[in-house]
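In: no sequence for this one, just the structure:
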């Protein structure tokens with residue numbers, strides 16, 4: 001096995017605890033979005049942890065994501081959120097997953113190819129992204145619909161008027177379309193209250209420790225921590241600069257560790273001058289710019305850091321997102337395959 005100088009430490013306990021919190025809060029059957037390879041953590045591993053915790057419904061975006069999961073655990077149900085495209089029939093035919101049909105073209109395609117096989121349907125209640133329009137709901141008669149879905153556009157803004165409007169439109173769709181279950185709420189939607197829960201919720205970012213709405217950071221345990229190996233230890237001479245742009249100059253001779261991490265790995269360039277590494281509980285400031293594969297760290301407050309040692313990098317996904325002007329979803333899904341992913345209880 002080839003050594004990797006980067007690793008993510010992933011907490012199965014935190015992941016399961018976040019799911020349990022969302023399940024208690026929603027008060028109904030609670031699934032899990034594991035698209036984008038489990039938001040960057042590994043979809044199969046996430047599914048296994050959450051299935052053990054009690055989750056039974058999982059959601060991916062595409063049929064190749066569904067196939068990559070392999071054989072599903074007993075009792076687990078899987079849905080493909082992007083439905084059935086013109087080229088998806090060959091993948092859908094042997095799959096146990098259900099499509100979430102999101103246009104009338106997809107409905108017709110499913111009927112022609114798979115007849116009365118169960119499916120899900122997405123109805124557009126105001127996001128205007130994916131979904132069957134209200135004017136076409138009458139044409140869904142006869143479909144074996146397991147779950148009728150819609151998706152909230154502004155659930156992360158609790159007072160946004162579109163939340164109430166979408167809720168009423170979904171209630172109206174529920175009256176018109178027969179299904180086994182009805183599902184509207186994502187992570188932020190669960191926090192809007194029980195009116196949004198219906199029969200099944202579909203949390204995503206909150207499972208992984210992301211704050212889905214303002215003020216919710218403390219509700220969810222961090223799942224991910226990041227570590228990088230030291231490539232080199234060196235002394236930056238007083239008056240000399242380090243890194244691209246020479247943005248940091250040493251006021252005195254400064255011991256520096258160069259770490260195997262950079263923006264190509266998903267550690268954002270905007271952490272330049274703001275991020276920290278960690279050594280035995282001590283925070284060590286990054287110096288100079290984050291480059292593609294390397295960061296430099298002031299280790300003057302650390303012990304005897306040597307080449308090959310491992311240092312943590314601050315990776316509170318909500319804090320990183322705020323610092324970089326992005327969202328926690330981008331922070332997580334930006335983590336690439338150069339990391340070794342190490343799960344622990």
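Out: It's in. Keep in mind it's a predicted model, so treat the numbers as computed, not measured. Residues are numbered from 1 along each chain as shown.
In: Around residue 184, how many other residues sit close by?
Out: 30 (other CB atoms under 10 Å). Just so you know, the C-beta spots here come from the backbone N, C-alpha and C atoms, and that holds for glycine as well.
In: List the contacts of it.
Out: Applying CB atoms under 8 Å, 6 or more residues apart in numbering, we find residue 184 in contact with 149-152, 166-167, 170, 196-198.
In: Residue 33 now?
Out: By CB under 8 Å, 6+ apart, the neighbours of residue 33 are 39, 58-59, 186, 202-204, 207.
In: 10 Å instead?
Out: 39, 43, 46, 57-61, 79, 81, 186-187, 202-208 (CB atoms under 10 Å, 6 or more residues apart in numbering).
In: which residues in this protein form helices?
Out: Under the criterion DSSP state H, the chain contains helices at 12-26, 35-39, 43-53, 63-68, 89-92, 104-114, 161-176, 187-191, 317-324, 328-333.
In: right, so of those, which gets closest to residue 228?
Out: Of all these, helix 317-324 sits nearest to residue 228, with 14.8 Å by CB to CB.
In: Check the offset of that closest one from the chain's centre.
Out: When C-alpha coordinates are averaged (CA atoms, centre = their mean, to the nearest Å), helix 317-324 and its chain have centres 14 Å apart.
In: Residue 3 against residue 340, yeah?
Out: Yes - counting by CB atoms under 10 Å, residue 340 is a contact partner of residue 3 at 8.6 Å.
In: the more surrounded of those two?
Out: Set side by side, residue 3 and residue 340 show more neighbours around residue 340, with 15 against 6, by other CB under 10 Å.
In: For that one, which residues are in contact?
Out: 1-9, 227.
In: Could I get the residues you listed in CSV, plus columns for pLDDT and distance to residue 267?
Out: Listed next are those as CSV, based on pLDDT from 0 to 100; distance: CB to CB, whole Å:
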residue, pLDDT, distance to residue 267
1, 79, 24
2, 88, 21
3, 92, 19
4, 94, 15
5, 96, 13
6, 97, 9
7, 97, 13
8, 97, 11
9, 98, 15
227, 98, 11
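In: follow-up on the earlier one: nearest to residue 251, out of the helices of the chain?
Out: helix 317-324 (24.3 Å).
In: buried ones in that closest one?
Out: Of the residues in helix 317-324, 317-321, 323-324 count as buried by neighbour count, 16 or more other CB atoms under 10 Å.
In: And stretch 293-312, by the same measure?
Out: Result for stretch 293-312 [16+ other CB under 10 Å]: buried residues 293-299, 302, 305, 309, 311-312.
In: just those now: which is nearest residue 220?
Out: residue 312 (20.0 Å).
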